[in-house]
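[1] show me the folded form of this:
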Amino acid sequence: MDNRQIDVCLSPELINLYDLKGQIVVVIDILRATSCMVTALAEGVESIRPVATLDECQQLGKRGYLTAAERGGEQVAGFDLGNSPRAYLEGAYAGKKVAVTTTNGTLAITRSAPFAKQVLIGAFLNLSALAGYLRQQPEDVVLLCAGWKGKVNMEDTLFAGALVSMLRDTHEPCCDSPLASMTLYETVKNQLFDYLMQASHARRLSKFGVEDDIRFSLEKDVYQVIPVLKGDELVMLESVAH
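    Coordinates of the predicted model:
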């Protein structure tokens, strides 16, 4: 278990630089896809099917899935849900299967799925549960930030930094991106919301009146669940389920 490494890929566009074979990949899209996924499963959704395109999502809707689609920060017309984690609160869709496609997060999942040993979903909402699980695993870890349309974003980098910080006693940063993200997080961790509201994606989303989503997505350890990719669907990792 010694000498495990942790790396941070700051954008899916850089994923070709990383050897994911045999590694655990944690996909991060704080605003808001992975926050939705954690909340949905914690609130009783049976499974989540991440897909890359709107057409795939629509087709699954014909097979009984609820459909959730976001592009450019807004819900796409004709789909059941958008990309708000708060939509799943109080078991609103318990027992349902959800097909989801988003601008950034689902792309990060579909790009890493063919190569990684295991794909997990990370959010501030399940930060401690995720860190606790990773400490117990022998594999190296790659934190894959979904970013924004191929570019680096602040919120995913900050979460990566939080996780690197929590794993500093068990996982060694293997290049500068884990160190940079951890340094950023440690610098602003006591003012996350205020700092993040300066970031481009938070400003973009605030135009749509979703500040409550942003606040909710920055809450730590609301849930003790970890979504894991099993085949084509995200389900709850049984070892940490209640």
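[2] please pull out the lowest mean pLDDT helix or strand from this structure.
    Within the chain, no helix or strand scores below helix 200-206, which has a mean of 75 by mean pLDDT, DSSP states H and E.
[3] in that helix, what counts as buried?
    Neighbour counts over helix 200-206 (16 or more other C-beta atoms under 10 Å) mark H201, A202, L205 as buried. For the C-beta atoms, the positions are set from N, CA and C on the backbone; glycine is no exception.
[4] show me what it is packed up against.
    helix 154-166, helix 211-217 (3 or more C-beta pairs under 8 Å, 6 or more residues apart in numbering; DSSP states H and E).
[5] identify all contacting residues around stretch 54-62.
    Stretch 54-62 is contacted by residues 49, 51, 67-69, 71, 76, 78-80, 99-101 when judged by C-beta atoms under 8 Å, 6 or more residues apart in numbering.
[6] redo that, cut-off 6 Å
    The contact list for stretch 54-62, computed with C-beta atoms under 6 Å, 6 or more residues apart in numbering, reads R49, V51, T67, A69, A99, T101.
[7] bridged to the fourth one, which residues?
    Taking DSSP bridges, one obtains T101 as the residues bridged to A69.
[8] ok, it - contacts?
    A69 sits next to L54, C57, V76, F79, T101 when contact means C-beta under 6 Å, 6+ apart.
[9] so where do the helices sit in this protein?
    33-42, 54-61, 105-112, 127-135, 154-166, 176-188, 192-196, 200-206, 211-217 (DSSP state H).
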